[in-house]
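Asker: sequence first, predicted coordinates after that:
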Amino acid sequence: MLSVLLFDEAKLDALTDLVESVGGNKKAVERSSLKLRPLAEDDDQKGFLDILGQLTKVETKPHQEFVERFNHMKTFHDLPRSRGQPGGCSYVIVVEDTTTSRIVATGSILFEYKFLRGFGCVAHIEDIVVDAQLRGLYIGRVIIEQLVRIARKVEGCYKIILDCSEKNVPFYEACGFKKNELQMALYLPPPSPSARL
C-alpha cells in the first residue's frame, strides 16, 4: 500500500542526480538505496522522530497524533492556488534508506507571505539533520539544494533565511548562505490546554 505524501513528489529531483551536481561524492552516489521524497504519513514508524531527536529534544507521540499533524500540514498543499499565489505553507522532505525502511535525514522549509517586496515571499529553512552514521556524504547539502529549489522555483521566494549554531556556519556557507545580522529567540513555556484560544 502506498503512503500518503505531504506534497507532490514531482517537485523534487532525484537524489543521485543532485549528489552528482553538488560534488559527485562517490560514496553517496553508490548508496542507491537512498531515496529523497516528501514526508509520508507513516514516517513516524520509520524513524522520522528519531532522526529529529539527533537535532533536538523530541517527544514521543502516538501515531494518530502524528497523522493529525501531518493531515493539518497537508491541507495547505491541497488548497487550490489563487491568482498565481503560492501553495503549501511548508514542505518537509526526508531521505529514506530503502534497504532498512528507515528515515536517515530530513529538512523543512516554511513560507512567510509579505506585504513587502511586491507581496513577496520569504522562506525559512528549519530542522536539517542527517543521521550521524551518514554525515559527510553530501546528503545535507542535497537537502539544502532541494529546499532552495522549492523556494525559488515552486514558491518564488526573494529570500531564504535559516538559523544555525556557530559550528554549522561553514556548512551553510558552502551551500551559498552568508552571515547576516543576528538571530534572537524567546522560548515560551507550553500553554495549558485551557489557556489556548
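Answerer: Received the coordinates, thanks.

Asker: all strands for the chain, in order.
Answerer: Listed in chain order, the strands of the chain (DSSP state E) span residues 34-38, 90-97, 102-113, 121-130, 159-162.

Asker: may I see the ones you listed arranged in a markdown table, with distance to residue 153, mean pLDDT and mean neighbour count as well?
Answerer: C-beta here means a position set from N, CA and C on the backbone, and glycine is covered the same way. Shown next, in a markdown table, are the strands of the chain (distance: least, CB to CB, whole Å; pLDDT from 0 to 100; neighbours: other CB atoms under 10 Å):
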| stretch | distance to residue 153 | mean pLDDT | mean neighbour count |
| --- | --- | --- | --- |
| strand 34-38 | 16 | 91 | 20 |
| strand 90-97 | 12 | 93 | 22 |
| strand 102-113 | 12 | 94 | 21 |
| strand 121-130 | 12 | 95 | 20 |
| strand 159-162 | 12 | 95 | 16 |
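
Asker: let me have the ones you listed in TSV, extended by distance to residue 171.
Answerer: Formatted as TSV, these follow (distance: least, CB to CB, whole Å):
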stretch	distance to residue 171
strand 34-38	18
strand 90-97	16
strand 102-113	12
strand 121-130	9
strand 159-162	11
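
Asker: of all the ones you listed, which one is nearest residue 169?
Answerer: strand 159-162 (10.7 Å; CB to CB).

Asker: just checking: what are the partner strands of that closest one?
Answerer: strand 121-130 (parallel) (DSSP bridges).

Asker: what comes into contact with the strand it pairs with?
Answerer: 51-52, 54-55, 86, 92, 95, 104-114, 137, 139-140, 143-144, 147, 150-151, 155-162 (CB atoms under 8 Å, 6 or more residues apart in numbering).

Asker: quick one: it to chain centroid distance?
Answerer: Mean-position distance between strand 121-130 and its chain equals 6 Å (CA atoms, centre = their mean, to the nearest Å).

Asker: same deal with stretch 128-145?
Answerer: The answer for stretch 128-145 is 12 Å, by CA atoms, centre = their mean.

Asker: and what of stretch 116-129?
Answerer: With CA atoms, centre = their mean, you get 12 Å for stretch 116-129.

Asker: only C-alpha atoms, please: export it in PDB.
Answerer: Provided in PDB are the C-alpha atoms of stretch 116-129 (Å, rounded to 0.1, in the frame of the first residue of the first chain):
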ATOM      1  CA  LEU A 116       6.900  44.000   1.300                       C
ATOM      2  CA  ARG A 117       8.700  43.400  -2.000                       C
ATOM      3  CA  GLY A 118       5.500  43.500  -4.100                       C
ATOM      4  CA  PHE A 119       3.800  41.000  -1.800                       C
ATOM      5  CA  GLY A 120       6.800  38.700  -1.900                       C
ATOM      6  CA  CYS A 121       7.500  35.500   0.000                       C
ATOM      7  CA  VAL A 122      10.400  34.700   2.400                       C
ATOM      8  CA  ALA A 123      11.400  31.100   3.100                       C
ATOM      9  CA  HIS A 124      12.700  29.800   6.400                       C
ATOM     10  CA  ILE A 125      14.800  26.600   6.400                       C
ATOM     11  CA  GLU A 126      14.500  24.500   9.500                       C
ATOM     12  CA  ASP A 127      15.300  21.100  11.100                       C
ATOM     13  CA  ILE A 128      18.200  20.000   8.900                       C
ATOM     14  CA  VAL A 129      19.600  16.700  10.200                       C
END
